[in-house]
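>>> Please find the sequence and the predicted model below.
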4 protein chains.
Amino acid sequence: MHTLTVETDTTLRGTSTNANRRSIVRIGTVEIGNGQPVIMAGPCSVESYEQTLATAEEVKSAGAVILRGGAYKPRTSPYDFQGLGVEALQILTRVSEETALPVVSEILSTDDIEVVAEHVDMLQVGARNMQNFALLRRLGQLRKPILLKRNPAATVKEWLLAAEYLLAGGNSQVVLCERGIRSYDPELRNTLDLAGMALARQLSHLPVIADPSHATGRRDLIPAMSRAALAAGADGLIIEVHPDPANALSDGKQSLDFPEFRSLMDMLFTRAPYSTLPSA
Amino acid sequence: MHTLTVETDTTLRGTSTNANRRSIVRIGTVEIGNGQPVIMAGPCSVESYEQTLATAEEVKSAGAVILRGGAYKPRTSPYDFQGLGVEALQILTRVSEETALPVVSEILSTDDIEVVAEHVDMLQVGARNMQNFALLRRLGQLRKPILLKRNPAATVKEWLLAAEYLLAGGNSQVVLCERGIRSYDPELRNTLDLAGMALARQLSHLPVIADPSHATGRRDLIPAMSRAALAAGADGLIIEVHPDPANALSDGKQSLDFPEFRSLMDMLFTRAPYSTLPSA
Amino acid sequence: MHTLTVETDTTLRGTSTNANRRSIVRIGTVEIGNGQPVIMAGPCSVESYEQTLATAEEVKSAGAVILRGGAYKPRTSPYDFQGLGVEALQILTRVSEETALPVVSEILSTDDIEVVAEHVDMLQVGARNMQNFALLRRLGQLRKPILLKRNPAATVKEWLLAAEYLLAGGNSQVVLCERGIRSYDPELRNTLDLAGMALARQLSHLPVIADPSHATGRRDLIPAMSRAALAAGADGLIIEVHPDPANALSDGKQSLDFPEFRSLMDMLFTRAPYSTLPSA
Amino acid sequence: MHTLTVETDTTLRGTSTNANRRSIVRIGTVEIGNGQPVIMAGPCSVESYEQTLATAEEVKSAGAVILRGGAYKPRTSPYDFQGLGVEALQILTRVSEETALPVVSEILSTDDIEVVAEHVDMLQVGARNMQNFALLRRLGQLRKPILLKRNPAATVKEWLLAAEYLLAGGNSQVVLCERGIRSYDPELRNTLDLAGMALARQLSHLPVIADPSHATGRRDLIPAMSRAALAAGADGLIIEVHPDPANALSDGKQSLDFPEFRSLMDMLFTRAPYSTLPSA
């Protein structure tokens, strides 16, 4: 019933893999997809220079190698905080120079491509824009890395075909990001689909990372899901960190504070991930 | 919006945890929940003494400590193979004695409780029966361990409340099993909800295991999902293994053959699960 | 991609239709499936003789022809009201005799088949038990009409195959009931799947009714959904009515009070359902 | 548990209704929301002048009052037919003049707003762009009617908040369109959520129509779902019609041919929608 026809699907011209070829995407000096998991971290929204710098320094010292931060925020309501825009981009550039961390930030509109591309090292296409084909086509002509989030109602194949728009345009620097699919349990913001993530990684040569912050919407589940994502083969993680989550302008409930992030990094990379086989 | 009220919910009288208390459930000499992951493995259906014995010996030598095998099979169609019933139970008992592996098998009906309880060490309540309250009430009166699978459309709270039926009846030897929720991608049989599994484990003191075979329906994703489930905190795994999956009477597509299972166990318990932090 | 193979599926031996044959199921003098929509109504739970009689008289005078009322209630929590059991069955029998309304009530367990079948005219298999195959097999041997609700995560084919268990046992007096599938919008209890209902009616010869009360969980949407279900071809409706919904022991939010039910029946059967074509 | 807080939600500043106020949106001489259902029909894609004219004349003579036709097509794969673009817009304008039917067509990109607005009477925001906020903001500044389709994973509230972007910009000529939510049954392309549609209509003053073509993906279910949508209160329908569905460049499986559309219109507006109450 579930025929596995994706691999031979001729529409996956650019993304499908053969001979176990795997791509590496370079963001500055950082490589995504080389076998070492890459951690991107930072605030949901850039709120000020001070908040961004403090967060960048903290996440760098804990082991993150890319700074994330929202300048243009896609908000369900037009009356919610929409991001600082160009001002946020300028803050990101300044903090990036001061910390030597490359920066990823979301692009919402074709109108902003030039200014965003000028200020950041990697452009994120958010979940709501995964099938904004006008945007994808324009980003396909860019020569900057793209982080393509999965739409919460997209199949793995639809996600790969969205990436195909980028590759068809000539931009092969694409990293996929699983951030949870829509589901029915009110205790969780979304359902982190690690099997879908593993399948995307198996069917394509593109690096794939996971976003446990948006996927769960709950600070207390981020450690377990971060560990699980890496164990499932993720090439990296993107995690929301804020100096004071309770007063964040967006997504505070799912943001880690500094000690929580440090503890997560310690757990992921220092302690033994799980125990040895019990004797029968 | 997603208030996390489950913990203080007075309806979770028996399952909710306090002071980090965690239960250990004993199946013969095997402990589930003691920090060491427990692997249950075996065929979807018991088809013959020879098939069951060969599988039991193989999975034991690879490190499994509990034998699974279906005697009564819940089948979507009344015209499909329904299991060998009592004959299968007798085979399971004989193989259990010969291999010293305790046995878990599914119970479909209150009518069969006595005969199933007599032959097996742990009774499984399948996903379709998670809210078969008549069955749960009778199993609450039993003094044998129960493996309670999550229904593919159940919230975490509904799952815990189903367990509550067992505990309210006096049977506290309950292990929860996440086996995938219903979703929309035709490439995958279900969506393995590891965050839901981690949440269930966080909200209750009961051990929780994962079933990557049913959750994915795809042999090629079982290794990644097994590793991810353990990394997310699973107390164990239940995995379908068959000497000849292509000719299995049920669920062949998701069954591992012997070398695949051995390779999985080697990957899970011998090799390093994931790498160290990349330098920035 | 969506091949429509159900019609020719050889597993639908009993339910699939040919030559536009449609079955009529008789409950006492009431026919379901003869082209005239049949309204079943009554309280979620039988709470007392007085409440049941008052409701029965009211719904009958408004046009309902079958009385519904729960004696055994499937409840998510073991600590919630579980129904009055045999006492409720006796109340239903008495009220049925006094009002000449046949009665439908839910059966939860094979243990109760005899006593329920003795007291009611039609046995309901609830959504949670749609794949309780032990129950379905026993009800297949009964010679009483069955109301088979769709499980909130079942495909149309799985629903028809559950009916197939009843027909394979020799009981062809089966009515299907769509009661909403699980979905993600917190404003609605479930999603009423009228296309699934219409498809089930198209693929099989069995009558199909809709339950707008459980499907929406909201009193204010029941009129629109009742009308839509009949327009989509439903052979009837089952609707929860209570003398005092605010004090109902179960499902008060989705129960109509007496004036609301009367107004619904008036709207469904008296007023013109929708207007004529606008001029261009 | 499901508190109905949307109505008083202060974020629904522009869309929420009071005192049963309902808006009427005018497309040329056609009014949507005046109590008379409005039928929009036409091909999925504009393929040629001849195909478009033939379809327009046919659907007009059967009672449709607005012509639909895709010029820019959002396609899951970049290698599929993407629409004729400006050439299609010119065809639509010519056919509109010759048939006196106003035209609705999809807008995919802010870059195309000027040219699309010049050629068509109503701009459609497709399901994939429901949360393309850059596009919504620009369309909020336009003074042309907008048809806003619901994203297949959007809650009713998220859909209304997307409309809020248009109204906040000053464009109050907004019609909502329910076109099916993502679900799990492979027999159906989507699940038509008529309760969600009715709820959107109840919570806002905007007209709401249904798209049974995309919602079901099956020609054989369009009549039943069209009837159901109108019975649930839809202010209109949008239906795909093609002279030769088997050779359509897109969505042939869900397109009606001319006799099927005529038969649908006859059923909807001539014959009695459903029967009278059966006698008990």
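Looks like it arrived, so ask away. Numbers count the residues shown, from 1 in each chain, chains lettered A, B, ... in the order given.
>>> CA only for contacts and neighbour counts going forward, please
Noted.
>>> Tell me which stretches of the stretch 51-200 of chain A form strands.
Assigned by DSSP state E, counting those that start in this stretch, the stretch 51-200 of chain A shows strands spanning A:66-68, A:103-106, A:122-125, A:146-149, A:174-178.
>>> Pull the number of nearby residues for A:Glu158.
A:Glu158: 18 surrounding residues under other Cα atoms under 10 Å in any protein chain shown.
>>> so what's it closest to, chain neighbours aside?
Leaving out its chain neighbours, the residue that sits closest to A:Glu158 by Cα to Cα, 6 or more residues apart in numbering or on different chains is D:Thr76, at 6.3 Å.
>>> which residue does the stretch 151-280 of chain A bring closest to chain B?
Here the stretch 151-280 of chain A gets closest to chain B at one residue, A:Ala228, 4.2 Å apart by Cα to the nearest Cα.
>>> Likewise for the stretch 1-150 of chain A?
A:Val65 (5.3 Å).
>>> What is the burial count for that residue?
That count, for A:Val65 with other Cα under 10 Å as the rule, works out to 26.
>>> What of A:Glu260?
A:Glu260 has 16 neighbours, counted by other Cα under 10 Å.
>>> One more: A:Pro212?
A:Pro212 has 31 nearby residues by other Cα under 10 Å.
>>> surely it meets A:Ala234?
No: look at A:Pro212 against A:Ala234 with Cα atoms under 8 Å: they stay out of range, at 11.5 Å.
>>> ok, back up a step: can you check my assumption that the residue of the stretch 151-280 of chain A closest to chain B lies in a strand?
No: assignment of A:Ala228 by DSSP: H, G, I helix; E, B strand; the rest coil gives helix, placing it outside any strand.
>>> And the nearest residue to it once chain neighbours are set aside, how far from B:Pro259?
Spatially, and ignoring its direct neighbours in sequence, A:Ala228 is nearest to B:Ala228 (4.2 Å; Cα to Cα, 6+ apart). To B:Pro259, B:Ala228 is 21 Å away according to Cα to Cα, to the nearest Å.
>>> What are the buried residues along stretch A:91-98?
Using 16 or more other Cα atoms under 10 Å in any protein chain shown as the test for burial, stretch A:91-98 gives A:Ile91, A:Leu92, A:Thr93, A:Arg94, A:Val95, A:Ser96.
>>> Export those residues as TSV, with columns for distance to chain D and pLDDT.
Listed next are the buried residues of stretch A:91-98 as TSV, based on distance: Cα to the nearest Cα, whole Å; pLDDT from 0 to 100:
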residue	distance to chain D	pLDDT
A:Ile91	22	98
A:Leu92	22	98
A:Thr93	23	98
A:Arg94	26	98
A:Val95	27	98
A:Ser96	27	98
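>>> Take the residues you listed and keep only those in helices.
Among the buried residues of stretch A:91-98, the members falling in helices (DSSP state H) are A:Ile91, A:Leu92, A:Thr93, A:Arg94, A:Val95, A:Ser96.
>>> Looking at B:Ala228 and B:Pro259 now, which is surrounded by more residues?
Neighbour count, other Cα under 10 Å: between B:Ala228 and B:Pro259, B:Ala228 has more, with 29 against 13.
>>> contacting residues for the more buried one?
For B:Ala228, the contact set (Cα atoms under 8 Å, 6 or more residues apart in numbering or on different chains) comprises A:Arg227, A:Ala228, A:Ala229, A:Leu230, A:Ala231, A:Ala232.
>>> Same check on A:Ala198?
Taking Cα under 8 Å, 6+ apart as the criterion, A:Ala198 is in contact with A:Ala232, A:Gly233, A:Ala234, B:Leu221, B:Ala224.
>>> of these, buried ones?
Neighbour-count burial (16+ other Cα under 10 Å) applied to these gives A:Ala232, A:Gly233, A:Ala234, B:Leu221, B:Ala224.
>>> Show me which pair in those residues is furthest apart.
A:Ala234 and B:Leu221 (13.5 Å; Cα to Cα).
>>> what number of residues lie near the residue nearest to A:Trp159 when sequence neighbours are not counted?
Of all residues not flanking A:Trp159 in the chain, A:Arg150 sits nearest, at 5.9 Å (Cα to Cα, 6+ apart). For A:Arg150, the neighbour count with other Cα under 10 Å is 29.
>>> so A:Arg150 touches A:Ala163, yeah?
No: counting by Cα under 8 Å, A:Arg150 stays clear of A:Ala163, with 9.9 Å between them.
>>> which residues are common contacts for the two?
A:Leu176.
>>> And the helices in the stretch 101-250 of chain A?
Assigned by DSSP state H, counting those that start in this stretch, the helices in the stretch 101-250 of chain A fall at A:113-119, A:133-140, A:156-168, A:194-203, A:212-216, A:222-231.
>>> Dump these into JSON lines; add mean pLDDT as well.
Below are these laid out as JSON lines (pLDDT from 0 to 100):
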{"stretch": "helix A:113-119", "mean pLDDT": "97"}
{"stretch": "helix A:133-140", "mean pLDDT": "97"}
{"stretch": "helix A:156-168", "mean pLDDT": "96"}
{"stretch": "helix A:194-203", "mean pLDDT": "97"}
{"stretch": "helix A:212-216", "mean pLDDT": "97"}
{"stretch": "helix A:222-231", "mean pLDDT": "96"}
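>>> Make TSV out of those and add distance to D:Glu57.
Shown next, in TSV, are the helices of the stretch 101-250 of chain A (distance: least, Cα to Cα, whole Å):
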stretch	distance to D:Glu57
helix A:113-119	43
helix A:133-140	32
helix A:156-168	36
helix A:194-203	46
helix A:212-216	49
helix A:222-231	56
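>>> about what we covered before: mind listing what the residue nearest to A:Trp159 touches?
When contacts are counted by Cα under 8 Å, 6+ apart, A:Arg150 touches A:Gly126, A:Ala127, A:Met130, A:Trp159, A:Leu176, A:Cys177, A:Glu178, A:Arg179, A:Gly180.
>>> swap in A:Trp159?
A:Met130, A:Arg150, A:Asn151.
>>> Looking at those residues, which is nearest D:Ser109?
A:Met130 (13.8 Å).
>>> what about that closest one, how many residues close to it?
A:Met130: 24 surrounding residues under other Cα under 10 Å.
>>> pretty sure it contacts A:Ala162?
Yes: counting by Cα under 8 Å, A:Ala162 is a contact partner of A:Met130 at 6.5 Å.
>>> Now do the shared contacts for the two.
Any residue near both A:Met130 and A:Ala162 by Cα under 8 Å, 6+ apart counts here, and that gives A:Leu136.
>>> A:Asn247: neighbouring residues, count only.
A:Asn247: 11 neighbours (other Cα under 10 Å).
>>> For it, give its distance to chain D.
21 Å (Cα to the nearest Cα, to the nearest Å).
>>> Any regions of chain A where pLDDT drops low?
Counting by pLDDT under 70, the ranges of chain A that qualify are A:1-10, A:18-19, A:271-280.
>>> need the residues of it near chain D, please.
Contacts of chain A with chain D, taken as Cα under 8 Å from any Cα of the partner chain, map to A:11, A:74, A:76-79, A:108-110, A:128-129, A:131-135, A:152-153, A:158, A:161-162, A:164-165, A:168, A:182.
>>> list the contacts for the closest residue to A:Leu166 other than its chain neighbours?
Of all residues not flanking A:Leu166 in the chain, A:Gly140 sits nearest, at 4.1 Å (Cα to Cα, 6+ apart). By Cα under 8 Å, 6+ apart, A:Gly140 lies in contact with A:Tyr165, A:Leu166, A:Leu167, A:Ala168, A:Gly169, A:Gly170, A:Asn171.
>>> I figured the second one was touching A:Leu176, is that so?
Translated: A:Leu166. No: A:Leu166 lies out of contact with A:Leu176 (Cα under 8 Å); the separation is 11.6 Å.
>>> secondary structure class for the residue nearest to A:Tyr79 when sequence neighbours are not counted?
Residue nearest to A:Tyr79 in three dimensions, not counting chain neighbours: D:Thr11, with 6.7 Å by Cα to Cα, 6+ apart. Of the three states, D:Thr11 takes coil under three-state DSSP.
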